[in-house]
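1. Pasting the sequence and the predicted coordinates here, then a few questions.
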Amino acid sequence: MLILLLLSDKMSESTNSKTKSSNPDRVICQAIKRAEADLRLNYPILNNQDAIGFFIFIGSLIVIALHWIYYFKYSETLTYLHIALIIVGVGYFTSFLHELEHDLIHNLYFKNYPIIQDIMFFFIWIAKLHGNPWYRREMHLKHHIVSGQIDDAEERLIGLGLPFGLLRLAVSTHPFGALIITKEVSKDAKWLDIQRMNLSSAPVAFSFFGLNKLFILYGIFMLIFGNDYSIYLPIKHWYWIKGVNILICLPNIMRHACIAIMSNCSHYYGDIPEKSVFYQNQILDHWILFPFQFFCVNFGMFIIYNIIIIIIIIILNVYDMN
């Protein structure tokens with residue numbers, strides 16, 4: 001992930017040197033390989049790839065844990081602004097874990113130590129409460145083979161190919177919105193094993209849905225019955241249901257919505273040559289998309305914008321405490 005942070009500028013320099021080519025795919029791939037070699041040569045620290053990945057993993061989990069500790073310690077005095085900042089903070093560092101999961105899928109870290117990969121997958125799975133990372137590995141590697149085609153199930157299950165509207169919004173914004181269209185996608189992606197995909201994610205899916213729906217149910221009863229809602233729902237459970245939703249469900253809905261919308265809007269679909277990296281993606285860098293980019297762990301200038309936003313969050317956090 002950190003290699004890609006510096007890769008974009010190097011790659012553009014390499015591709016600019018090749019103004020014309022009968023095989024743009026080869027030019028792109030060669031430019032990426034040259035850029036990576038140059039980066040590793042200029043920044044030897046990047047050769048400690050396993051250590052970098054482990055630092056991102058442990059660091060993200062520690063920061064998320066600190067949010068949990070902070071929330072439950074001061075939960076009785078937190079304002080709505082404070083809660084919003086906690087949701088944003090957890091979502092931001094969970095997005096690092098999501099990118100780390102992607103890199104583990106490609107064996108960028110601990111390639112020779114699958115047991116360490118499995119341990120990292122497990123903790124990331126719990127932090128995200130989303131799809132099974134072991135099954136996602138199969139789906140994502142298949143995505144790179146059929147990217148942009150009608151059987152690219154991974155991208156289609158987050159909304160790619162759907163007309164813009166309420167259905168696409170629902171599929172893209174909820175972590176398990178894919179369930180709405182899974183059967184339809186499987187008609188084109190014959191390789192997709194729906195039953196195994198659903199069963200592999202069932203433990204966290206039921207947990208996510210259960211906690212999220214209970215949170216909504218409590219909220220509805222509070223709006224209708226005020227303080228009398230405890231007649232219908234036990235008040236003693238509201239404390240932890242609210243906490244888990246603020247610290248897991250809501251951050252992940254926000255994080256997933258941002259990265260899913262950016263992903264399914266930056267990939268082409270259905271009308272591009274097969275196995276061509278030249279046509280597979282487009283770049284979305286309009287300023288209005290910066291809030292979405294914040295949860296995508298994007299690279300280049302967006303890192304600077306992320307740092308600025310983090311500083312603003314810290315200032316607001318300190319101001320709110322005072």
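-> That came through, no problem. Numbers count the residues shown, from 1 in each chain.

2. quick one: the helices in this structure?
-> 2-16, 24-42, 49-74, 80-105, 114-128, 133-146, 153-156, 166-173, 182-188, 194-225, 238-244, 250-266, 290-293, 301-321 (DSSP state H).

3. Near D271, how many other residues are there?
-> Number of residues near D271 (other CB atoms under 10 Å) recorded here: 8. C-beta coordinates here come from the backbone N, C-alpha and C atoms, glycine included.

4. before we move on, what about T79?
-> T79: 10 neighbours (other CB under 10 Å).

5. Could you measure from it over to I86?
-> Separation of T79 from I86 (CB to CB, to the nearest Å): 11 Å.

6. which residues of the chain score low on pLDDT?
-> Applying pLDDT under 70 to the chain flags the ranges 1-22, 298-322.

7. I'd guessed Y71 sits against I246; true?
-> Yes. Applying CB atoms under 8 Å as the test, Y71 and I246 come out as touching, 6.6 Å apart.

8. From Y218, how far out is the residue lying closest to W125 once chain neighbours are set aside?
-> Computed as CB to CB, 6 or more residues apart in numbering, the closest residue to W125 that is not its neighbour in sequence is P133, at 5.4 Å. Separation of P133 from Y218 (CB to CB) stands at 30 Å.

9. between the two, who's got more neighbours?
-> The residue with more neighbours, out of P133 and Y218, is P133; 23 against 20, by other CB under 10 Å.

10. from memory that one sits against F121, does it?
-> Yes. Using CB under 8 Å, P133 is in contact with F121, at 4.2 Å.

11. got any residues that touch both of the two?
-> Common contact partners of P133 and F121 (CB atoms under 8 Å, 6 or more residues apart in numbering): 101, 104.

12. Please name the nearest non-neighbouring residue to H98.
-> Here the residue nearest H98, using CB to CB, 6+ apart, is K128, at 6.4 Å.

13. How many neighbouring residues does the one you found have?
-> K128 has 22 neighbouring residues, counting by other CB under 10 Å.

14. Cool, thanks, talk later.
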